[in-house]
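In: predicted model and sequence below, questions to follow.
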There are 2 protein chains.
Amino acid sequence: MTTTAAIIGAGMTGAGWAARFLLMGHDVRVFDPDKEAPRKLQAVLENARRALPMLYDTALPPRGSLTFCKTISEAVAGADWIQESIPERLALKRKTFQKIQEHCTPRAVIASSTPGFKPSDLQGCATRGEQIIVAHPFNPVYLLPLVELVTTDANPPALVARAEETLRGLGMFPLHLRNEIDAHVADRLMEAVWREALWLVRDDIATTEEIDNAIRYGFGLRWAQMGLFETLRIAGGEGGMRHFLARFGPCLHWPWTRLTDVPELNEELIDKIASQCDARSGAHTIRELERRRDENLVAILRALKSREAAAGALIKAHEARLRPGRTATSTPLITVRRTVPIDWTDYNGHMNESRYGQVFSDAADEVMARIGADADYIARGLSYFTVDIHIRFRAETRAGQMIRVETRVLEGAGKKLRLAHRMLDDETGALLAEAEQLLIHVSLKTRRSCEPEPQIAARAARLAAQTGQEG
Amino acid sequence: MTTTAAIIGAGMTGAGWAARFLLMGHDVRVFDPDKEAPRKLQAVLENARRALPMLYDTALPPRGSLTFCKTISEAVAGADWIQESIPERLALKRKTFQKIQEHCTPRAVIASSTPGFKPSDLQGCATRGEQIIVAHPFNPVYLLPLVELVTTDANPPALVARAEETLRGLGMFPLHLRNEIDAHVADRLMEAVWREALWLVRDDIATTEEIDNAIRYGFGLRWAQMGLFETLRIAGGEGGMRHFLARFGPCLHWPWTRLTDVPELNEELIDKIASQCDARSGAHTIRELERRRDENLVAILRALKSREAAAGALIKAHEARLRPGRTATSTPLITVRRTVPIDWTDYNGHMNESRYGQVFSDAADEVMARIGADADYIARGLSYFTVDIHIRFRAETRAGQMIRVETRVLEGAGKKLRLAHRMLDDETGALLAEAEQLLIHVSLKTRRSCEPEPQIAARAARLAAQTGQEG
């Protein structure tokens, strides 16, 4: 269902929201008094357009429309979702909410991206406090799934449910906090680390780069998949969490951290941090670093997706929702439609040859699903294995390119399933590769070939009759 | 160069060290008075044997030997590296170091895994304080590269250099801290988060699972690749770090975190945390969770490796050191020898068909390198592209299996390079797949076919003459 989202304030965070709504098929209206806002938003959108589709092994819905509005009233009129991402000043936010509520429908969800304020702070002076919630995302908003959804008793359960559903539809994970607290949860954890890190830099124990290395070569890798508690539970070994706590407890009283004080963030400390950071990566523009960050995130998220773990499991579930329903049989069949992700490219700058095999393997999976050899069938211990494939490479394929595969079933008789695939550029129709693939039906118990179940054999034969001849 | 490592204390951390030394080809002697130590170490070793080789696209060196010793003296006599990982009690550690130094050579590095003590604490009462350093690793030691290397002025630079070299040889990243401090760097950061998390759980703001989700769906993903400062530098947008600090600075004085107090870790809070953790993953054994964590880490690290980013760049550099030197031309050529990583398997429980293509693509890269079409040649704008491959799948291949590819150059004339590959189980020699592959020489500027440089053409022809006929 296409909805209209109004983005009020289009800095880094607002622009990230705009990109996610657009790429997931919603119409977006943007209000930001900054004259530079359209240019900055386009830059974020360009990053998002490149990165977000790569997370999915299916095409995203057609993009929504983007409109810049001159006034808040124009942006919010009739909008289903209004996302406020303006500077962190309570009075300004309250004034903005009043303006929004003068012009929006009472049914709309008004969500604030605030990292610090509680929803009750925002609802306080509003005409209809009940439609205001906190939906605090994390940059880059178009890639990270977390959004802290904070509500109060004033918010009707139906509105909260609608908010959760909208966020899930965007591929996000609404972490619903029922007890509001300043700075919610994630920023409190980050601030604790931030303070300690400032001390370490100030006292010359470590540089900013050394601190980053301490994180990304160590616990950062653990936290990306399991977080804090689950990691420690495992670290407790066979004794589990209770054993870990018993061992760790006393250490809490050791004078390890300097958490009680706040270092003064004076010119000297700012200089030190900024120049250490610049020494490390100052040769690159922020735009280049953003691109690099996004490509790393795509690679990590796709890795987790292949394991159906952590954030990867979220993407996998979202993808199942995005995948188009199986259409009536066309000739040839469209068996794959997707973007080429960054981790499929190699040193020649194009899609590695083995990934053509990946695409044709996915195309064969789609044929299998169409004849009923789907996940359930495989769980019953039956499947098809490829025994022979011949691929002819016709043109180079690059990261970000939209491709589709057209497949004909040349033979579907007994144990044999023989397929002919053509991989095309989805926009131009240019031929990228062709393949002929022979699959044999097998028992996953004996790992030997065997006859398929009769209904599968019948459907394979029918599909061969329908699609086997050149159109 | 094979060295001998003595592992004093073989709990989770000591066993992890033992596994890393063994799998990187060193002989290991273990001392631990716990009767259960051999069983527990075998369990860790089993996990490590499965996970660590998957990080590399080349075979690891032959494993070292493992010996359990009845005494410290037996373990450390003649050892090059002595790793102490006993309980965190200073008096006990000092006594152990005295015992070690009675029997080890003065040249040996004695490294403590201590998460808390400064090296000067440990050197204090020692006979030869100068050979004692801190090398604090992170679990799982066999997968995470970070090791905090903390030294004092008492340590000779040559010994510190040798320690760094040994750690790098193990595939680890020695973060050398020159200013010692209680708890070093990483644990101080983690403790800050830990304290804040305890408050959030105690006050019922969030459950342990919600906190883990706040981390792994959000900033955990950023930290795994860039750490804290680099992430924030980018978040500052076009203004960079200075802009970010100016905006963020004032927030430090907001009463967001409850860092000044330590929550009492009483029975009630321990119960709450342990039972929340058990509710989430208590149905799985710690062993299962370890396996899952390791597979996730392998997938994340391999993803970063494909981007040559963060911890993945370290593995890539280490792999270059591990890759065997190019041997004299054999017939057929051995072009690939490696372990099948976990992210290459699919829903059928075996290596996905496209990864056979990956293996043959890698085999072709090795042939290219042998005829001089290497990274430098590609940087000069010339390369070979595959235009046709025909793969016959003969047997299933599974994660963890050691494979090798034997390649013959059927034709190496003009623009054409035609290869025949056989992929075998490296232990049994069983045939897994065969392929015939045609590559065409191209200009990376015009993206069209062209003649190779003469010396490349000559070498291709020679290799075809040497290897092209059936042995």
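Out: Yep, it's here. None of the values given here were measured: they were computed from a predicted structure.
In: all contacts plus neighbour counts: C-alpha atoms, from now on.
Out: Will do.
In: quick one, what contacts residue A:3?
Out: Applying CA atoms under 8 Å, 6 or more residues apart in numbering or on different chains, we find residue A:3 in contact with A:26, A:27, A:79, A:80, A:81.
In: distance of the fourth one from residue A:108?
Out: Distance from residue A:80 to residue A:108, counting by CA to CA, to the nearest Å: 5 Å.
In: quick one: the strands in the stretch 101-250 of chain A?
Out: A:109-112, A:132-137, A:146-150, A:173-177 (DSSP state E, counting those that start in this stretch).
In: reformat those strands as a markdown table; add mean neighbour count and distance to chain B.
Out: Converted to a markdown table, these look like this (neighbours: other CA atoms under 10 Å in any protein chain shown; distance: least, CA to the nearest CA, whole Å):
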| stretch | mean neighbour count | distance to chain B |
| --- | --- | --- |
| strand A:109-112 | 24 | 18 |
| strand A:132-137 | 27 | 9 |
| strand A:146-150 | 25 | 5 |
| strand A:173-177 | 22 | 7 |
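In: would you turn those strands into a markdown table with distance to residue B:351?
Out: Formatted as a markdown table, the strands of the stretch 101-250 of chain A follow (distance: least, CA to CA, whole Å):
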| stretch | distance to residue B:351 |
| --- | --- |
| strand A:109-112 | 45 |
| strand A:132-137 | 37 |
| strand A:146-150 | 32 |
| strand A:173-177 | 31 |
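In: closest one to residue B:218 among the ones you listed?
Out: Closest approach to residue B:218 among the strands of the stretch 101-250 of chain A is made by strand A:146-150 (5.1 Å; CA to CA).
In: contacts for that closest one, please.
Out: With CA under 8 Å, 6+ apart, strand A:146-150 has contacts from A:118-119, A:133-138, A:172-180, A:184, B:213-214, B:217-218.
In: and that strand, C-alpha only, in PDB?
Out: Taking C-alpha atoms only, strand A:146-150 is exported to PDB below (Å, rounded to 0.1, in the frame of the first residue of the first chain):
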ATOM      1  CA  LEU A 146      17.000   0.000  14.300                       C
ATOM      2  CA  VAL A 147      14.400   2.600  15.200                       C
ATOM      3  CA  GLU A 148      13.500   3.300  18.900                       C
ATOM      4  CA  LEU A 149       9.700   3.500  19.000                       C
ATOM      5  CA  VAL A 150       8.800   5.300  22.300                       C
END
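In: helix, strand, or coil at residue A:452?
Out: coil (DSSP: H, G, I helix; E, B strand; the rest coil).
In: and if you look at the one 10 residues further on?
Out: Per three-state DSSP, the secondary structure class of residue A:462 is helix.
In: that one and residue A:416, how far apart?
Out: 14 Å.
In: which parts of the strand or helix carrying residue A:73 are buried?
Out: For residue A:73, the enclosing helix or strand under DSSP states H and E is helix A:72-76. Residues of helix A:72-76 classed as buried: A:72, A:73, A:74, A:75, A:76 (neighbour count, 16 or more other CA atoms under 10 Å in any protein chain shown).
In: dump the residues you listed to CSV, plus pLDDT and distance to residue A:123.
Out: Output for the buried residues of helix A:72-76, formatted as CSV (pLDDT from 0 to 100; distance: CA to CA, whole Å):
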residue, pLDDT, distance to residue A:123
A:72, 98, 19
A:73, 97, 19
A:74, 98, 22
A:75, 98, 21
A:76, 98, 18
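In: make TSV from those and add distance to chain B to it.
Out: Below are the buried residues of helix A:72-76 laid out as TSV (distance: CA to the nearest CA, whole Å):
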residue	distance to chain B
A:72	25
A:73	28
A:74	28
A:75	25
A:76	27
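In: how many residues are close by residue A:92?
Out: Neighbour count for residue A:92, taken as other CA atoms under 10 Å in any protein chain shown: 11.
In: same check, this time on the one 5 residues further on
Out: Applying other CA under 10 Å, we find 23 residues neighbouring residue A:97.
In: would you confirm that it contacts residue A:126?
Out: Yes - applying CA atoms under 8 Å as the test, residue A:97 and residue A:126 come out as touching, 6.8 Å apart.
In: which residues does the closest residue in space to residue A:227 that isn't next to it in sequence contact?
Out: Of all residues not flanking residue A:227 in the chain, residue B:212 sits nearest, at 4.2 Å (CA to CA, 6 or more residues apart in numbering or on different chains). For residue B:212, the contact set (CA under 8 Å, 6+ apart) comprises A:223, A:226, A:227, A:228, A:229, A:230.
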